[in-house]
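In: okay, sequence plus prediction incoming.
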Amino acid sequence: MSEQTMDAAPATVAARSPQNAPADRPVKPAAGEAGRGRKVFDGTLNVFSHAFLVVWGLLTALPLLWVVLSSFKDDAEILGDPWGLPSALRFDNFARAWTHGNIGQYFVNTGIVLAGSLTLTMLLGATAAYALARYKFFGSRLVYFVFVGGMMFPVVLAFVPLFKIVGGVGLRDTLPGLMLIYTAYSLPFTVFFLTAFFRTLPDAVAEAAYIDGCGPFRTFFRVMLPMAKPGLISVGIFNFLGHWNQYLLPVVLITSDEKQVLAQGLANLAISEGYRGDYSRLFAGLTLAMLPVLVVYAVFQRQVQSGLTAGQMK
Amino acid sequence: MRHGKYPLLLAFLLPPLALYGYFVVSPYAQSFLIAMTNWQGLSPAYEFVGFDNFKRMMGDEYVWNALLNNLWLLVLLPLLTIALGLFLATMLNVGGRGGRSTVTGVRGSALYKVIYFAPQMLSVSIVGVLWAEVYNPRSGLLNSALRALGLDGLAKVWLGDPAYAFWAVLAVMVWANVGFYVVLFGAAMQSVPRDIYEAAALDGASRLTTLVRITVPLLWDTIQVAWVYLAILALDGFALIHVMTRGGPNFSTDVVGLRLYTEAFGDYKWGYASAIGVVMFFVTLSVTVLSLRLTRRERIELS
């Protein structure tokens, strides 16, 4: 590193002088050996760095592409020629995965659970956050910290008692049980994020709604909730992905095969395929499970990226 | 607005609090009590044994082995992910120096970001199944590539050999997380004024110097958050390892969360499993507090 700094010293002097020149005129390359040296150095580094970007891009994209391509192959091609292209587009792999591999059932289960859990999470999260952000009452800070404190506990700590509690109310191995549990475990972050968001909304709007004769409930649903839309979208995307990808909770709470959700069912499918050797069905199942989120992502990638990273930074 | 405050508070707070209290707060609280019992799960009878479970844990080499694996992850996962994430984000956002002294992103940086971020969309179970196939010793992407390049000696039974399984799993964790931090760091870099980078370029700072002396200090808050988040991830690791190796071969990829799961639902030692959970909670808590403390630095205010 010190070598580079030494090397760069003459270039510094040379490069500083044209600073007084009008901004639109291109800066002349610094004269002399040192200047030319830097140019070459920069050029090679650019090629090198670009190569690195490409390599990481391939490392990321190749496994995904490979799975999609393999899902069209038959078992002989998968085992014999892993890097080859499929000789025909065998859509029956997908049909087999959907029916015999139970992927269809898993999709339906996941859809049912998500419809319930997302609605509940957003409704309960938004109302709780609104109450905590807008109103001061006895114990409001305590309630807030109880909610937010939930983020500090590793979920596995709850495994044993949760298994017992959910069984106690007859919700073990049921989809409604999974909805309620997903919702409950999503509340800490949702309340945390939305409380911060509701606090940024101006008081004046709520006051104006009140003066116009709006009751507190109507103020929330008609005025404040629409204003909180950007925050709701961010946390909604976050929860959608979280619930779609959830693996820990179903592993503990769902035992029967026909009640499993996609993430869990796919992992079990992989284990059983390993024994049965039906690889094409496994790859087709993997593709089916992978594509919906990737397509949604491709369409909404800007919102998804900013939603998720904003969630992290709050 | 003041009158009618309590109906709203009750309607808005009671349902979420009830659900949350019953399914989240109560299990967490109960696990601390169960940790003090010898409850065997299948039988309803149990008695309080004080700290016996914790004493037994001190001599349980499986727990120690799992904890050690978590600690390795704790060191390596944040380090590798953040280093790679910073490097790639720098290349994407300030990597290009279009001939003049202007600092711009590399051409096509948006496309790179979309690709890098994609694994973040996939569930842990998809990532696990996918990579288990990539590592497949016979037909996997990795080994067949190595064989095609004539490097047959490097083709290993990645997930079946205790010498490689841990590293193979670590690589998957880094793979799945780097993209997120490229985007996160990239967003933070966008808020750094361009002229700082231009000044550095004019002063002849190399890219590495720029990264270490300018980018890292200015992004310290973001890096700190990333560090804590990755540390928590490293202390968990349950889901991915449950899918990929179930802790094997020969416990080389076992982690504390998986140990708890095995004790609880394999052997039905609910008391002992809860005690492991309690230890895990305190380890996670102290690591979070420690890393926040250790990485605290004077904040650099821009503008």
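Out: Perfect, thanks for sending it. Residues are numbered from 1 along each chain as shown, chains lettered A, B, ... in the order given.
In: going forward, measure contacts and count neighbours with C-alpha atoms only.
Out: Will do.
In: is the helix or strand containing residue B:84 up against chain A anywhere?
Out: Secondary structure assignment for residue B:84, by DSSP states H and E: helix B:61-94. Yes: between helix B:61-94 and chain A, judged by C-alpha under 8 Å from any C-alpha of the partner chain, the touching residues are B:88, B:91.
In: so which bits of that helix are buried?
Out: Neighbour counts using 16 or more other C-alpha atoms under 10 Å in any protein chain shown place B:63, B:65-67, B:69-71, B:73-74, B:76-79, B:81-82, B:84-94 of helix B:61-94 among the buried residues.
In: go on, stretch B:215-224?
Out: Counting neighbours by 16+ other C-alpha under 10 Å, stretch B:215-224 gives B:215, B:216, B:218, B:219, B:220, B:221, B:222, B:223, B:224 as buried.
In: check what pLDDT the closest residue to residue B:20 other than its chain neighbours gets.
Out: Excluding the flanking residues, the one nearest residue B:20 by C-alpha to C-alpha, 6 or more residues apart in numbering or on different chains is residue A:184, at 5.0 Å. As predicted, residue A:184 sits at a pLDDT of 95.
In: so what's the closest residue to chain A within the stretch 51-200 of chain B up against?
Out: Of all residues in the stretch 51-200 of chain B, the one sitting closest to chain A is residue B:123 (4.3 Å; C-alpha to the nearest C-alpha). For residue B:123, the contacting residues are A:244, A:245, A:246, A:263, by C-alpha atoms under 8 Å, 6 or more residues apart in numbering or on different chains.
In: I'd like these as a markdown table, with distance to chain B and pLDDT appended.
Out: Shown next, in a markdown table, are the contacts of residue B:123 (distance: C-alpha to the nearest C-alpha, whole Å; pLDDT from 0 to 100):
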| residue | distance to chain B | pLDDT |
| --- | --- | --- |
| A:244 | 7 | 88 |
| A:245 | 4 | 85 |
| A:246 | 7 | 89 |
| A:263 | 5 | 89 |
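In: just among the residues you listed, which is most surrounded?
Out: residue A:263 (28 neighbours; other C-alpha atoms under 10 Å in any protein chain shown).
In: distance of the nearest residue to that residue once chain neighbours are set aside relative to residue A:269?
Out: Excluding the flanking residues, the one nearest residue A:263 by C-alpha to C-alpha, 6+ apart is residue B:125, at 5.4 Å. As judged by C-alpha to C-alpha, to the nearest Å, residue B:125 and residue A:269 stand 11 Å apart.
In: who has more neighbours, these two?
Out: When residue B:125 and residue A:269 are compared for neighbours, residue B:125 comes out ahead with 28 against 19, by other C-alpha under 10 Å.
In: and the pLDDT at the more buried one?
Out: For residue B:125, pLDDT reads 91.
In: run through the neighbouring helices and strands of the helix or strand hosting it.
Out: Secondary structure assignment for residue B:125, by DSSP H and E: helix B:124-134. Packed against helix B:124-134, as judged by 3 or more C-alpha pairs under 8 Å, 6 or more residues apart in numbering or on different chains; DSSP states H and E, are the following elements: helix A:32-70, helix A:262-276, helix A:279-313, helix B:141-148, helix B:165-190, helix B:238-244.
In: from the contact counts, what lies against the very next helix or strand once past the last one?
Out: Secondary structure here is assigned by DSSP H and E; on that basis, the next helix or strand after helix B:238-244 toward the C-terminus is helix B:256-261. Packing contacts for helix B:256-261, counted by 3+ C-alpha pairs under 8 Å, 6+ apart, involve helix B:61-94, helix B:220-236, helix B:238-244, helix B:270-294.
In: switch the cut-off to 10 Å
Out: Counting contacts by 3 or more C-alpha pairs under 10 Å, 6 or more residues apart in numbering or on different chains; DSSP states H and E, helix B:256-261 is packed against helix A:159-168, helix B:61-94, helix B:220-236, helix B:238-244, helix B:270-294.
In: name the SS class of the closest residue to residue A:86 other than its chain neighbours, please.
Out: Excluding the flanking residues, the one nearest residue A:86 by C-alpha to C-alpha, 6+ apart is residue A:73, at 4.9 Å. Following DSSP: H, G, I helix; E, B strand; the rest coil, residue A:73 is assigned to coil.
In: count of neighbours near residue A:73?
Out: Using other C-alpha under 10 Å, residue A:73 has 27 other residues around it.
In: and it, backbone torsions?
Out: Phi and psi for residue A:73, reported as degrees, to the nearest 10, are phi -90, psi 170.
In: host element of residue A:237?
Out: Short version: residue A:237 belongs to helix A:229-244, going by DSSP H and E.
In: next SSE downstream of that helix?
Out: helix A:248-253.
In: may I see the buried residues of that next one?
Out: A:248, A:249, A:250, A:251, A:252, A:253.
In: contacts only, for the fourth one.
Out: Residue A:251 makes contact with A:260, A:261, A:263, A:264, A:265, B:239, B:242, according to C-alpha atoms under 10 Å, 6 or more residues apart in numbering or on different chains.
In: distance of the first one relative to residue A:113?
Out: It refers to residue A:260. 10 Å.
In: overlap of the contact sets of those two?
Out: Common neighbours of residue A:260 and residue A:113 (C-alpha under 10 Å, 6+ apart) are A:107, A:174, A:175.
In: which non-adjacent residue is nearest the most centrally placed residue in chain A?
Out: Centroid-nearest residue in chain A: residue A:241, 4.9 Å away (criterion: C-alpha atoms, centre = their mean). For residue A:241, ignoring the flanking residues on the chain, the nearest one in space by C-alpha to C-alpha, 6+ apart is residue B:121 at 7.2 Å.
In: that neighbour: how many residues sit nearby?
Out: Around residue B:121 there are 22 residues (other C-alpha under 10 Å).
In: and if you look at residue A:213?
Out: Residue A:213 has 12 nearby residues by other C-alpha under 10 Å.
In: what score does it have for pLDDT?
Out: 86.
In: so how far is residue B:163 from it?
Out: Taking C-alpha to C-alpha, one finds residue A:213 at 71 Å from residue B:163.
In: okay, residue 137: pLDDT?
Out: This is for chain A. 88.
In: wait, chain B
Out: pLDDT at residue B:137 comes out at 85.
In: return the backbone torsion pair for it.
Out: Per degrees, to the nearest 10, the backbone of residue B:137 is at phi -60, psi -30.
In: identify the residue nearest residue A:176 in space, chain neighbours excluded?
Out: residue A:113 (7.0 Å).
In: got it, and residue B:30?
Out: Residue B:30 sits nearest to residue A:161 (C-alpha to C-alpha, 6+ apart), 6.4 Å away.
In: what about the one you found, neighbour count?
Out: 23.
In: my guess is it meets residue B:34, correct?
Out: Yes: contact criterion C-alpha atoms under 10 Å: residue A:161 and residue B:34 qualify, at 8.2 Å.
In: now the common contact residues for these two.
Out: B:27, B:270, B:274.
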